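>>> Provided below for reference: sequence and predicted model.
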Number of protein chains: 2
Amino acid sequence: MSDEHRVVIVGGGFAGIHAARYLKGATVQVTLVDRRNFHLFQPLLYQVATGWLSPANIASPLRVILRNQKNARVLLDEAIDFDIAGRRVILREGQIEYDTLIVAAGSGFHYFGHDEWERLAPGLKTIEDATDIRRRIFQAFEAAERASDAETIREWLTFVIVGGGPTGVELSGALGEIVHDVVKHDFRKINSADVRILLVEGAERILPPYAPSLSASAQMFLARLGVTVRTGSMVEDIQSDAVTLRSKEKSETIRCRTVLWAAGVHASSLGRLLAEKTAAKLDRSGRVIVEPDLSIPGYPEILVIGDLACFAHPPEKPLPAVATVAIQQGRYAAELIKHRLRGEQRAAFEFKDRGSMAIIGRAAAVADIGRIRFAGFTAWLVWLFVHLMNLVGYQNRLLVLIQWSWSYFTRNRAARLITGEGSLLLPHADVKTKKGKDDQSFGRTSRL
Amino acid sequence: MSDEHRVVIVGGGFAGIHAARYLKGATVQVTLVDRRNFHLFQPLLYQVATGWLSPANIASPLRVILRNQKNARVLLDEAIDFDIAGRRVILREGQIEYDTLIVAAGSGFHYFGHDEWERLAPGLKTIEDATDIRRRIFQAFEAAERASDAETIREWLTFVIVGGGPTGVELSGALGEIVHDVVKHDFRKINSADVRILLVEGAERILPPYAPSLSASAQMFLARLGVTVRTGSMVEDIQSDAVTLRSKEKSETIRCRTVLWAAGVHASSLGRLLAEKTAAKLDRSGRVIVEPDLSIPGYPEILVIGDLACFAHPPEKPLPAVATVAIQQGRYAAELIKHRLRGEQRAAFEFKDRGSMAIIGRAAAVADIGRIRFAGFTAWLVWLFVHLMNLVGYQNRLLVLIQWSWSYFTRNRAARLITGEGSLLLPHADVKTKKGKDDQSFGRTSRL
């Protein structure tokens, strides 16, 4: 047992769990290190933030995922350093030796040098982010219902989402649905026509990596849900009751109480640590530039995969930080290790692009699958199917399907609980969040 | 509209929502004030604490409950004072006038004068309590798995539950199940035989209000699940790594890292406020002693119902603070108001005792229903049915049924997420919780 090849995987996201699972049956000892005890299905996180699903619906305990894999174990701990020469990962409580190290620590949001914005405009990366955003959204409606002054009501009913990528589009579409589902039926005073949802994107169109025709479809669907898209606009300042936007022509201040962040992404700080110790290079967003086989130059025993890796080997431009890339890289890493143990060569990693999709509200989506592009209800059904099939755990699939069907037909949102610290506080101009206190020490940019 | 009879209900627990719902169709204006936006089905809260159900499964948004009731509205705010002469409730943000006031602010835990124990031994009253306890339980197993020192492992695997009432019995039984479900299958190092679960009760038997034969059955079922019952024992001291128990003969210190509180209950501090302003009397646990029609002596327009009320009119001994009493009192309060509006008399409140039940693990329960007493699997099925039928919201019933069936057959616990503040921290001797900072100012003893 003890002379088996030891694989240490840092991070239980898509890349990490797929690397672990594809090592099933191999004569290796796998240790998956994560500081959370569950794998999170991030593509559906915005549905938790908008009260559609419960956190447990999109999270699977890591121990359950690896329950039947005899050669794998889970360690709930945090990687804080690497001893490259000694082939050890330094953990918060102890250390662990490896023969092959797979670093899949992911990424988090960054605020273009404005860290003070994080408290005012939370990003959507963790379960806690999602319940925090859920609390802010539903508290805003409650505050508007309670307020008597027209200007205050207007501020509470204005929502600004920063970033027109898939997350921003999905979040603002879901917010548009909430207005129809919840505000119209459940509140006595506020008028759903007074709700303003603004989606702000710096580029000239939303969903910039998609085909222009799909961006246009997405914008049309969003308009139907009452979302105003503001392209070519950058955020200049965020305050507790206002956002200042700057476009080519002018600067504009919009009074609002809820700002959500879906813009800049930055890789885990473990990337920088690795770079310092191995002379690997980082790209602009802190991702580790990897070799064609996903290893670090000069260190074939260290593989970097998922959002933390920058894979830029022609003819491809750098691969995007999305789940499908992470999953394929996790699988590749496992296969590479198995090949090496057999003394065989393995061709370079190659990404098979199966397309990308974004959902807009209850019954519309845009999809860009190979040469096929489609939008609307069909795209939405495909989106539903793909995401449901990819959820880990049969119970979750069943529960999510039921919850989706139920929400679809009844327009009810059962999971719209206002919970957590601050939930007993009534919202004031400066809503305190649970963030910003501890999180710095934990490097919110790391998903690990 | 404006000269309609105004009913203000403080608190959206069992008593409050039943009062509101039974006023449907009456020519009154109902305002339900709560500082949470949802009604919580507390009898199943322990299943959230043990990772069986998700918070949203046992919570229903108040606005959904009252969606189709035209004469009712929900106000998310906190009652902080009463102006009895002016017939107004003072809220944190404003005030509201009433013609009839129903106070149903519930109760919370009290620690026999040891408030410092709250941080060390959380009680189970709110959604946040439940996810906090869930985090502590599953973090304890993770810490034991990671530890190498035998004494430390032993401390992390020892759980003490204080209080042998229904909550303590259900919690310790569920904890016993976790050992079978989770520890045996999902952990590689720790041995399920090393887990110790201690249920401590001051009286001479657990479930003191039940018949002695049922207490004996419950103790036997608990023993099968590996729970050790220690009756006739009081808690003398709680520290971060030990509990000291005192019985008639001796005092004993047990080293352990997880203590859960299911013992003393104390009424909301709104009860004391009411008593000061009306000369109503309080009982030992801070409940307002009410008239036969649930009003306060001298103030027929103020009704106190649910856990906050002490109803002690012979031949009955004071009614217990349980859901069935709260539900019946809520209904009575509504009927009383309707009678008064018609100028009719209403007989005194009378509690119809339909019996009590407690569940012990996956397939056993004890029930004390009128003259019938039974235990085991049949009692468990009855328990299941009764609780399922009482859950508010059809979606919740369906989801809970599926989750129960799934858990029953697979012994899986999908909702065992370690989340919230402190979840990224690895457990140390002194695990900080989100409590103890803000909660004092919010009077944790109030459910409102």
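Looks like it arrived, so ask away.

>>> and A:Lys184, what does it touch?
By Cβ atoms under 8 Å, 6 or more residues apart in numbering or on different chains, A:Lys184 lies in contact with A:Ser192. The C-beta positions use only the backbone N, C-alpha and C, and glycine is treated the same way.

>>> Please disregard the earlier target; I meant A:Ile137.
A:Ile137 makes contacts with A:49-51, A:159, A:175, A:178, A:258, as judged by Cβ under 8 Å, 6+ apart.

>>> for these, which one is nearest chain B?
The closest of these to chain B turns out to be A:Gly51 (Cβ to the nearest Cβ; 8.3 Å).

>>> What is the burial count for the closest residue to that closest one other than its chain neighbours?
With sequence-adjacent residues excluded and distances taken as Cβ to Cβ, 6 or more residues apart in numbering or on different chains, A:Gly51 is closest to A:Arg416, at 3.3 Å. Neighbours of A:Arg416 under the rule other Cβ atoms under 10 Å in any protein chain shown: 26.

>>> A:Arg416 is in contact with A:Ser54, isn't it?
No - A:Arg416 is beyond contact range of A:Ser54, at 10.6 Å (criterion: Cβ atoms under 8 Å).

>>> Need the three-state assignment for the residue of the stretch 301-448 of chain A found nearest chain B.
Per Cβ to the nearest Cβ, A:Ala415 is where the stretch 301-448 of chain A lies closest to chain B, at 3.8 Å. Here A:Ala415 is recorded as coil under DSSP: H, G, I helix; E, B strand; the rest coil.

>>> Which residue, neighbours along the chain excluded, lies closest to it?
Of all residues not flanking A:Ala415 in the chain, B:Ala56 sits nearest, at 3.8 Å (Cβ to Cβ, 6+ apart).

>>> Look up how far A:Leu341 lies from the one you found.
Separation of B:Ala56 from A:Leu341 (Cβ to Cβ, to the nearest Å): 46 Å.

>>> Those two: which has the busier surroundings?
Counted by other Cβ under 10 Å, B:Ala56 and A:Leu341 do not tie: B:Ala56 has more neighbours, with 29 against 15.

>>> from what I can see the more buried one touches A:Leu417, true?
Yes - taking contacts as Cβ under 8 Å, B:Ala56 lies within contact range of A:Leu417: 5.9 Å.

>>> Now the phi/psi pair for A:Ser213, please.
phi -60, psi -40 (degrees, to the nearest 10).

>>> three-state assignment of A:His313?
coil.

>>> What helix or strand is the closest residue to A:Ile206 other than its chain neighbours located in?
Setting aside the residues directly before and after it, A:Ile206 is nearest to A:Gly164 in space (Cβ to Cβ, 6+ apart), at 3.5 Å. Here A:Gly164, judged by DSSP states H and E, is contained in no helix and no strand.

>>> which residues of the stretch 251-400 of chain A fall in helices?
A:269-278, A:323-341, A:377-390, A:394-410 (DSSP state H, counting those that start in this stretch).

>>> Could you say which of these is packed most deeply?
Neighbour counts (mean count of other Cβ atoms under 10 Å in any protein chain shown) averaged over each of the helices of the stretch 251-400 of chain A peak at helix A:323-341, with a mean of 21.

>>> packing partners for that one?
Taking 3 or more Cβ pairs under 8 Å, 6 or more residues apart in numbering or on different chains; DSSP states H and E as contact, the helices and strands that helix A:323-341 lies on are strand A:5-10, helix A:14-22.

>>> tell me the most buried of these?
Most buried of the helices and strands packed on helix A:323-341 by mean neighbour count (mean count of other Cβ under 10 Å) is helix A:14-22; its value is a mean of 26.

>>> After that one, which helix or strand is next?
If you walk from helix A:14-22 toward the C-terminus, the next helix or strand you reach (DSSP H and E) is strand A:28-34.

>>> Show me what the mean pLDDT comes to for the following helix or strand past that following strand.
Sequence-wise, the next helix or strand downstream of strand A:28-34 (DSSP H and E) is strand A:38-40. Averaged across strand A:38-40, pLDDT comes to 92.

>>> what comes into contact with strand A:38-40?
Strand A:38-40 has contacts (Cβ under 8 Å, 6+ apart) with A:12-13, A:17, A:58-62, A:65, A:126-127, A:392, B:417-418.

>>> Off-centre distance for it?
In terms of Cα atoms, centre = their mean, to the nearest Å, the centre of strand A:38-40 is found 12 Å from the chain centre.
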